[in-house]
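S.K.: Could you look at this predicted model? Sequence included:
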Amino acid sequence: MFKGKKLILLMFTLMFLVSACAVVPSEKTVRLAHGVDDSAGGVSAYIISVANATFFLEKEGGGLSSMIDRDGVDWIGFKPEVGSGWKGEYRGFPNAIHKQDGSYFHAINAGTDPSTSVVSIEEAHHVQIIFTSGNGKWQGKWDFYPDRCDFTMTEVSEGHQYWVQYEGVPGGEMDKDDFWYASVDNKSHLIDEPFKGDLPAPEWYAFGDVQSSRMLYILHHEDDEYPDDYVSRPYMTVLGFGRSGKEKFLDTPQTFSIGFIESTERAEVERGLRRILYELYPSRAEQ
């Protein structure tokens with residue numbers, strides 16, 4: 001009788017282990033590699049691949065130099081050549097600290113000050129990389145998940161401000177076919193239509209191209225009363241959360257998500273962004 005009970009217990013244990021293995025995915029959904037961003041002039045980069053995007057996080061400056069969709073299209077288009085301006089050297093994300101106790105969190109160009117970085121988490125479904133500014137007064141945390149990238153400014157230099165920007169090329173190139181949605185209204189706007197003011201909560205912007213089946217979004221996790229201005233430039237977007245003209249307003253830790261939504265329908269884009277916030281902050285479901 002005792003041997004029979006042991007056999008039954010062993011069978012149940014094996015069944016549990018098999019069942020557990022079946023529900024826990026073993027395949028990586030977030031992959032980290034080290035290499036160079038050839039399209040950005042060969043800068044050294046962390047290369048993070050998720051379900052529908054590949055992010056190139058430049059290792060010295062601490063900003064995204066490229067963001068590649070499923071079709072191989074780069075929606076940032078950074079180039080480091082001095083004097084390229086809107087055609088390359090200004091582009092990136094989050095381009096957060098500019099001549100404000102240093103210039104950090106921008107893919108390295110002639111005006112960027114260097115930072116140091118460490119991979120703090122490398123798991124099958126989550127990669128985290130922390131950058132610290134060369135002067136030790138700013139720190140930013142990058143979290144890559146199966147569906148997106150989150151950037152958090154975790155340490156702010158005392159008495160200083162920053163902004164968070166997407167300066168890039170929707171669908172690979174700025175042209176008349178590009179457009180944007182935002183939390184400000186339910187309309188589709190031409191790419192050269194500016195916006196000035198504080199976006200209503202939840203604060204978000206999304207950029208598209210009529211030739212593409214997806215949109216790039218930037219989602220601000222916190223609500224504030226600071227301006228979130230957008231203006232188009234020749235060859236690139238200039239969207240700044242916490243920005244008005246050359247003024248910066250953010251002065252506390254803030255989190256922003258950037259990624260692709262595989263739709264160009266505004267309702268679907270908003271639904272996807274609200275889903276992210278609900279999963280992270282269930283108490284804000286009614287926001």
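M.R.: It's in.

S.K.: number of nearby residues for Asp175?
M.R.: 14 (other CB atoms under 10 Å). Where you see a C-beta, it was placed from the backbone N, CA and C, and this is true even at glycine.

S.K.: List the residues that contact it.
M.R.: 191, 209 (CB atoms under 8 Å, 6 or more residues apart in numbering).

S.K.: so where does it fall, helix or strand?
M.R.: Asp175 belongs to no helix or strand when assigned by DSSP states H and E.

S.K.: Next: the one 10 residues further on.
M.R.: Secondary structure assigned from DSSP H and E places Asp185 in neither a helix nor a strand.

S.K.: The residue sitting nearest the centre point of the chain and Lys79: what is the separation?
M.R.: Taking CA atoms, centre = their mean, the centroid of the chain lies closest to Ile258, which sits 2.9 Å from it. Ile258 sits 20 Å away from Lys79 when distances are taken as CB to CB, to the nearest Å.

S.K.: How about Lys99?
M.R.: Lys99 is 21 Å from Lys79, where distance means CB to CB.

S.K.: Give me the below-cutoff pLDDT ranges for the stretch 151-287 of the chain.
M.R.: Residues of the stretch 151-287 of the chain meeting the criterion pLDDT under 70: 284-287.

S.K.: Which residue ranges of it form strands?
M.R.: For the stretch 151-287 of the chain, applying DSSP state E, counting those that start in this stretch gives strands covering 164-166, 178-182, 189-190, 204-209, 215-220, 228-233, 236-241, 243-244, 247-248, 254-261.

S.K.: For the last one, what is the distance to the chain centroid?
M.R.: Centroid displacement of strand 254-261 relative to its chain, using CA atoms, centre = their mean, to the nearest Å, is 4 Å.

S.K.: Check which helices and strands that strand sits against.
M.R.: Helices and strands touching strand 254-261, by 3 or more CB pairs under 8 Å, 6 or more residues apart in numbering; DSSP states H and E, are strand 148-155, strand 164-166, strand 215-220, helix 266-280.

S.K.: same thing but 6 Å
M.R.: Judged by 3 or more CB pairs under 6 Å, 6 or more residues apart in numbering; DSSP states H and E, the packing partners of strand 254-261 are strand 148-155, strand 215-220.

S.K.: that older thread, quick one, which of Lys99 and Lys79 is more surrounded?
M.R.: Taking neighbours as other CB under 10 Å, Lys99 and Lys79 compare with Lys79 leading, 18 against 10.

S.K.: who touches that one in this structure?
M.R.: 41, 88 (CB atoms under 6 Å, 6 or more residues apart in numbering).

S.K.: let's see it at 10 Å
M.R.: 39-41, 43, 65, 85, 87-91, 107, 109 (CB atoms under 10 Å, 6 or more residues apart in numbering).

S.K.: ok, it to Ser65 distance?
M.R.: Counting by CB to CB, the gap from Lys79 to Ser65 is 9 Å.

S.K.: Repeat that for Asp177.
M.R.: Distance from Asp177 to Ser65, by CB to CB: 24 Å.

S.K.: who has more neighbours, the two?
M.R.: Ser65 (31 against 15).

S.K.: which residues touch the more buried one?
M.R.: 36-37, 39-41, 43-45, 55-59, 74, 76-80, 91-93, 106-109.
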